[in-house]
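A.B. asks: Would you be able to build a 3D model of this:
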Amino acid sequence: MSGVLDTSRQGGGTAAAAALSETFCALVHALKVGRLVCLLGLVVLVAIVGFLLLPASRKASAPRVVVLATWFSNGEQVVTFRPEPATAEITYADVVSASVDANAQPQTTRSFGHVFPVRSADETNSSLHYIALPVRTLRVPGRPPVAYTPGSYTVAYTPTESGCRVRTGVALQRKGIGDYARRLCRCWEQKSLAVLWMKSYQDPLFIVFDPLTSAMQGSR
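C.D. replies: Sure thing, here's the model as predicted:
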């Protein structure tokens, strides 16, 4: 009769849809597992190659700051310098008084993974700014552009006393098996191989130097 519903056809259609859905879910799961297995295999392969090819980590010597040039311009002291070794990175720069002990490390604080010195109450000169960096930066609206100078840094500040000196944080690049193991762990945590090619650095050593000197070496 035309008024009677064919429930057998409806049941068959529902079963087919359910089977198709299960098949799709199984396929998606298989793809996720396959990607995870491939990523794990690549990490293991890179780890084996790294352990075989990377040299053993060596104790690095204390970093230095080498002053390349210094001059006055528009009432500001300008200093161009570079870290030694060249693979080190300048992580911080400010101006301190001549009374600051250059042979002692300042108290530090950590914020968002970066280490900064704790400034004392009498350290009020915060006029230092970067003029040139060894990396390309985006221009900040309302501020003069920062030049790109491979291998060196240039800062400028307004001296408030005759004994003003520059303090920089110099971080040595991590190398060796230990650093590679840390990057492998981060690679696994972030599910990305990009971390393997990123440089990593130790906590900085803070070096105080006079702009007229040629080099200053840090001490712990």
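
A.B. asks: Tell me where the chain has strands.
C.D. replies: For the chain, the strands defined by DSSP state E occupy 64-73, 76-84, 89-96, 108-111, 114-117, 129-133, 147-148, 153-157, 165-171, 205-209, 215-217.

A.B. asks: Where does the prediction get shaky in the protein?
C.D. replies: 1-60, 162, 195, 212-220 (pLDDT under 70).

A.B. asks: Could you list the domains of the protein?
C.D. replies: Domain assignment for the chain by automatic domain parsing gives 1-53, 64-213.

A.B. asks: Deepest-packed of the ones you listed, please.
C.D. replies: Neighbour counts (mean count of other CB atoms under 10 Å) averaged over each of the domains of the chain peak at domain 64-213, with a mean of 15. C-beta coordinates here come from the backbone N, C-alpha and C atoms, glycine included.

A.B. asks: Quick check: chain neighbours aside, which residue is closest to residue 79?
C.D. replies: With sequence-adjacent residues excluded and distances taken as CB to CB, 6 or more residues apart in numbering, residue 79 is closest to residue 211, at 4.6 Å.

A.B. asks: ok, now which ones touch that neighbour?
C.D. replies: Residues near residue 211 by CB atoms under 8 Å, 6 or more residues apart in numbering: 67, 70, 77, 79, 165, 166.

A.B. asks: run the last query once more with 10 Å
C.D. replies: Contact analysis of residue 211 by CB atoms under 10 Å, 6 or more residues apart in numbering lists 67, 69-71, 77-81, 155, 157, 159, 164-166.

A.B. asks: Which of those residues lies at the shortest distance from residue 207?
C.D. replies: Proximity of the contacts of residue 211 to residue 207 (CB to CB) peaks at residue 166, which lies at 8.8 Å.
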